[in-house]
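Q: From the sequence below, what's the structure:
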Amino acid sequence: MRVMPDTNVLISAFVFDSPTIYSALHGSVDVLVTGDKDFGGLGLETPVIVTPAGYVEAYL
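A: Sure, this is the predicted structure:
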C-alpha cells in the first residue's frame, strides 16, 4: 500500500490500479463498478466501490 499524491488515501500495491482510483477520486465519481477485488478494501466513502452484480442489485 502507498499514499496517493494530493490525498491521504492508501491505494492498492498494484501500480496498474492507481490511475483508476486516482481518476475516480479526482473526477468526482459517485460509484466505481469493478470486478477487481483490490479496490474493495480501500475503505472509501466515495466513490462507492461495487461489483457489477452489486451495482445491478443496488441501483437497477
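
Q: Next, count neighbours for Pro19.
A: Neighbour count of Pro19, defined by other Cβ atoms under 10 Å: 10. (Each C-beta comes from the backbone N, C-alpha and C, glycine too.)

Q: mind showing which ranges of this structure have poor pLDDT?
A: 1-16 (pLDDT under 70).

Q: Tell me where it has helices.
A: Secondary structure of the chain (DSSP state H): helices at 18-26, 52-59.

Q: just checking, what packs against the shortest one?
A: With contacts defined as 3 or more Cβ pairs under 8 Å, 6 or more residues apart in numbering; DSSP states H and E, the secondary structure elements packing on helix 52-59 are strand 31-33.

Q: Kindly report the same for the longest one.
A: Judged by 3+ Cβ pairs under 8 Å, 6+ apart, helix 18-26 is in contact with strand 10-11, strand 31-33.

Q: mind listing what the last one pairs with, with the direction of each?
A: In other words, strand 31-33. Partners of strand 31-33 in the sheet, by DSSP bridges, are strand 48-50 (parallel).

Q: Can you tell me what sits against the partner strand?
A: By Cβ atoms under 8 Å, 6 or more residues apart in numbering, the residues outside strand 48-50 that reach it are 30-34, 39-40, 42, 58.

Q: with the residues you listed in mind, which one is nearest to Pro52?
A: Comparing these against Pro52 with Cβ to Cβ places Val33 closest, at 5.8 Å.
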